[in-house]
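Undergrad: Fold the following for me, if possible:
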Amino acid sequence: MKLFPSFNHSARRRMTGLIRKETVQVIRDPSNILVAVILPLILLFLFGYGVTFDPRYFNIGLVVEQATPETGSFESALVNSPYFRIEKGHDRRELEDALVAGDIKAVVVLPAKFAAVAYRGDTAPIQVIVDGGDPNTAELVSAYIERLWANWLTQESISRGQSLQPVLVNLEPRVWFNPEISSRNYLVPGSVAIILMLIGALLTALVVAREWERGTMEALLATPIGVAELLIGKLAPYFALGMISMTISVATAVFVFGVPFRGSFLVLTLLSALFMLAALGQGLLISTITRNQLLAGQLSVMSAFLPAFYFSNFVFEIGSMPLALRLVSYVIPAKYYISSLQSLFLAGNIPSVLIPDALGIAMIAGIFFILTALATRRRLD
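TA: I've put the predicted structure just below:
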């Protein structure tokens, strides 16, 4: 068997016949539709609705040592905030057990001299005790309380006609690309890459392994079909199925979750095609090496989903990882595809981002297919 035969008329006929055979097999097997259509929708809704970095609210404790109109005003600001659920107490020791147990994330203490100190503006008039078990949550709680305190001072200054706190710096924030500061706009495009990587590897992981287990691979090897013809013939139907899955996922992200899309759909299609080739190539390589459907399925999930989840900047920041893990991320195709997806959805066509990402995906896809071709040839000798 030749590794890269010339595609003459006979070769095209053999390849067309193999594509037709694989297409019929795809249509007859309901599990392929389940993996390509139903599974992406389930995962997309899980990521879109179930996973978020935007906290809905925090349970915090409020201790008022001496009730005054001023403490009542600040308490109302806390109660009316959408970020807090308040549990009141008259002494901080009453709320210590709840803080230790994790039932509340912070305790805000308004001392007896709250009014006098707050309106002088020379010292901190409140005490904030935060549960630091989860540093990210602790920082969020502290930031929200500080922001609410600053807003309360501003409202009091307006109502009293006097400045309660000197303003040294006037901040005017400008948020680019995601003005809503919604984590959904960040997570949903990234989840499309995770989903396509998973289903692309799964769709082809069982292809060659199934042929070996059923004994039909020997029949294929007895024909004059070449390795390239074999790979193209087996991948073409699954490539089309994967692109349909990509279209469904992107349409769901835009029309169901309302994620803005500011790039070109043509560019998205080209990048998705490259990424789908990389995902299918990885699954086909696993399938070729293992020759066992169960083992191929397990390896495809472990090698496709987990690295794409951990080493793609989807959830975990690669820049904060050790050097060895940062180097591993460069061979993960999802790293490049997620970067392109987030640029296309939130910023538009950015050539300085899209071109390097496309080259990285194409290089990884090429390596997968070369290794698959070599592994197939060794088994045909």
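Undergrad: immediately after the strand or helix carrying Pro237, which helix or strand?
TA: With elements taken from DSSP states H and E, the one containing Pro237 is helix 227-255. Sequence-wise, the next helix or strand downstream of helix 227-255 (DSSP H and E) is helix 265-290.
Undergrad: Show me what that next one is packed against.
TA: helix 184-205, helix 207-214, helix 227-255, helix 293-310, helix 333-346, helix 351-380 (3 or more Cβ pairs under 8 Å, 6 or more residues apart in numbering; DSSP states H and E). From N, CA and C alone the C-beta is placed, and that goes for glycine too.
Undergrad: which non-adjacent residue is nearest Ser264?
TA: Asn349 (5.4 Å; Cβ to Cβ, 6 or more residues apart in numbering).
Undergrad: so what's the backbone phi/psi at that neighbour?
TA: When quoted as degrees, to the nearest 10, the phi and psi of Asn349 stand at phi -80, psi 100.
Undergrad: Please apply the same query to Phe58.
TA: phi -120, psi 140.
Undergrad: any idea of the pLDDT on it?
TA: pLDDT for Phe58: 86.
Undergrad: what's the answer for Leu168, then?
TA: 45.
Undergrad: now Gln165
TA: We have a pLDDT of 56 for Gln165.
Undergrad: Show me the domain layout of this protein.
TA: Per the record, the chain has its domains at 9-52+182-380, 58-160, by automatic domain parsing.
Undergrad: ok, which stretches of the stretch 1-150 of the chain are strands?
TA: 58-64, 84-89, 106-110, 127-130 (DSSP state E, counting those that start in this stretch).
Undergrad: returning to that earlier point: between the helices and strands packed on helix 265-290, which gets nearest to Arg14?
TA: With Cβ to Cβ as the criterion, Arg14 lies closest to helix 227-255 of the helices and strands packed on helix 265-290, at 5.7 Å.
Undergrad: ok, and what's touching stretch 18-28?
TA: With Cβ atoms under 8 Å, 6 or more residues apart in numbering as the test, stretch 18-28 has contacts from 32, 207, 225, 229-230, 232-234, 236-238, 241.
Undergrad: Using neighbour counts, pick out the buried residues of that stretch.
TA: Of the residues in stretch 18-28, 18-19, 22-23, 26 count as buried by neighbour count, 16 or more other Cβ atoms under 10 Å.
Undergrad: Next step: those restricted to helices.
TA: Mapping the buried residues of stretch 18-28 onto helices (DSSP state H) picks out 18-19, 22-23, 26.
Undergrad: got any ranges where the stretch 151-300 of the chain has weak pLDDT?
TA: The stretch 151-300 of the chain contains residues with pLDDT under 70 at 160-175, 181, 218, 221.
Undergrad: Tell me which residue of this structure is positioned farthest from its centroid.
TA: Ala116 (48.8 Å; Cα atoms, centre = their mean).
Undergrad: mind checking how far stretch 195-213 is from the chain centre?
TA: On the basis of Cα atoms, centre = their mean, to the nearest Å, stretch 195-213 sits 22 Å off its chain's mean C-alpha point.
Undergrad: How about it, which residues are buried there?
TA: For stretch 195-213, burial by neighbour count (16+ other Cβ under 10 Å) applies to 195-212.
Undergrad: Also stretch 91-101?
TA: Within stretch 91-101, judged by 16+ other Cβ under 10 Å, the buried ones are 92, 95, 98-99.
Undergrad: contacts for that stretch?
TA: Residues outside stretch 91-101 that contact it (Cβ under 8 Å, 6+ apart) are 61, 63, 65, 87, 89, 104-107, 109, 129, 131.
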